[in-house]
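Asker: Mind looking at a prediction? Sequence and model below.
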Amino acid sequence: MPVHTLSLSLVALAAGVSIAACSAPPAAAELASPPAPPAAHPPAAMTIAALPSGSTQSSAAMAYEGGRGDDKRTFVAGAILVDHPKGRLLFDAGYGRDLVQHFKTAPRIMQMSVKPQLDRPVAEQLAAGGVPLASLKAVVLTHAHWDHVSGLGDMADAPVWVTREELDFVKGGADAAKLARDLGTRNYRTYDFPDGPYLGFAKSWDIFDDGSVVLVPAPGHTPGSIVAFVSTPDGRRYALIGDTAWQAEGVDLPAQKPMLTRFVDQDAAGTLAMLRRLHAAKLAVPGLIVVPAHDARVWATIPRFGSSSAGR
């Protein structure tokens with residue numbers, strides 16, 4: 001099909017989906033409230049900081065079922081640094097210096113519909129802020145899609161943590177993991193979830209054994225997606241959910257991605273199940289800050305790396 005014909009078809013399809021998306025998503029069955037998580041004891045010196053590296057522009061209609069086409073949204077891309085006395089963890093890697101080339105591995109419909117803007121790669125921000133890449137305990141991927149691994153191209157020697165399922169996904173030839181394969185998996189390390197249930201998730205890993213950073217498996221968007229629950233010394237609790245939802249409403253309603261973009265979820269039913277589980281977790285923990293990887297509104301509430309409020 002000629003490119004101009006395909007473009008017109010996509011525009012027509014997008015318009016139809018946008019109109020349909022304005023209707024409310026189907027009512028979700030409420031899950032039983034999960035038990036409260038164990039008390040966390042984050043050390044006083046621990047900090048969390050956001051490092052946005054760039055963004056794209058879209059709308060709520062493209063982000064979640066029920067969103068409006070005239071509700072414009074900034075989709076941020078970047079990393080979140082958790083600086084713990086026992087080690088620095090960088091969640092995802094954001095856009096890298098070679099964004100233009102990396103974007104060529106994105107789904108074709110995405111290449112035709114959005115234009116990512118690179119502001120400053122995460123590696124450059126860390127260097128400017130006095131955080132050597134060698135000081136990172138690990139880059140923890142919420143999942144291995146292109147916009148979460150692009151920055152790894154600037155962090156050649158950093159250890160990268162993924163679940164066994166995610167590494168299999170990368171090595172298995174999936175188109176969605178092409179950039180991760182191209183950049184190489186030499187530094188990838190897999191981990192398990194040796195600890196018990198956590199906020200409705202069947203198993204977990206309390207990385208520092210103090211409740212400050214707890215990983216749980218959240219398959220759906222990709223087979224090895226995770227959620228990271230982070231508790232900070234000021235009493236805040238965050239849930240870093242990767243792309244299980246692109247915008248906060250995905251968990252708040254809950255609502256899955258609209259039909260036009262739902263193809264990005266490897267297992268749409270599994271993703272919806274995770275959204276419902278996160279919705280129940282948020283109801284169970286008042287004040288839980290759910291952080292989708294691309295919701296600029298939520299990222300703006302996290303201390304910015306290099307600011308006085310972020311510490312180090």
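Answerer: Everything's here; your move.
Asker: which helices and strands does the helix or strand where residue 274 lies pack with?
Answerer: When elements are defined using DSSP states H and E, residue 274 is found to belong to helix 268-284. When contacts are defined as 3 or more CB pairs under 8 Å, 6 or more residues apart in numbering; DSSP states H and E, helix 268-284 packs onto strand 237-240, helix 249-252. Where you see a C-beta, it was placed from the backbone N, CA and C, and this is true even at glycine.
Asker: mean confidence score for it?
Answerer: Within the predicted structure, the mean pLDDT of helix 268-284 is 98.
Asker: just stretch 296-312 next, same as before
Answerer: Taken as a whole, stretch 296-312 has a mean pLDDT of 87.
Asker: So which bits of it are buried?
Answerer: Within stretch 296-312, the residues that count as buried by 16 or more other CB atoms under 10 Å are 296, 298-299, 302-303, 305, 310.
Asker: ok so, going back, what does the helix holding residue 274 contact?
Answerer: Helix 268-284 is contacted from outside by 28-36, 199-201, 218-221, 225, 227, 239, 241, 244-245, 250-257, 262, 265, 288, 290, using CB atoms under 8 Å, 6 or more residues apart in numbering.
Asker: Could you list the buried residues of it?
Answerer: The neighbour-count criterion (16+ other CB under 10 Å) identifies 268, 270-282, 284 as the buried residues of helix 268-284.
Asker: what do you get for stretch 242-254?
Answerer: 242-251, 253-254.
Asker: Please apply the same query to stretch 210-219.
Answerer: By 16+ other CB under 10 Å, the buried positions in stretch 210-219 come out as 210-219.
Asker: out of the contacts of helix 268-284, which are inside helices?
Answerer: Taking DSSP state H, the ones among the contacts of helix 268-284 that sit in helices are 250-252.
Asker: need those residues in a markdown table with pLDDT and distance to residue 108, can you?
Answerer: Conversion of the ones in helices among the contacts of helix 268-284 to a markdown table gives the following (pLDDT from 0 to 100; distance: CB to CB, whole Å):
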| residue | pLDDT | distance to residue 108 |
| --- | --- | --- |
| 250 | 98 | 24 |
| 251 | 98 | 28 |
| 252 | 98 | 31 |
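Asker: What residues does the nearest residue to residue 71 once chain neighbours are set aside make contact with?
Answerer: Once its chain neighbours are removed from consideration, residue 71 has its nearest residue in residue 60; the separation is 3.8 Å (CB to CB, 6 or more residues apart in numbering). Contact criterion CB under 8 Å, 6+ apart gives 67-69, 71-73, 247, 249 as the residues in contact with residue 60.
Asker: would TSV of the helices and strands packed on helix 268-284 with distance to residue 127 be doable?
Answerer: Formatted as TSV, the entries for the helices and strands packed on helix 268-284 read as follows, by distance: least, CB to CB, whole Å:
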stretch	distance to residue 127
strand 237-240	23
helix 249-252	33
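Asker: right, so of those, which gets closest to residue 155?
Answerer: Distances from residue 155 to each of the helices and strands packed on helix 268-284 were compared using CB to CB; the shortest belongs to strand 237-240, at 18.4 Å.
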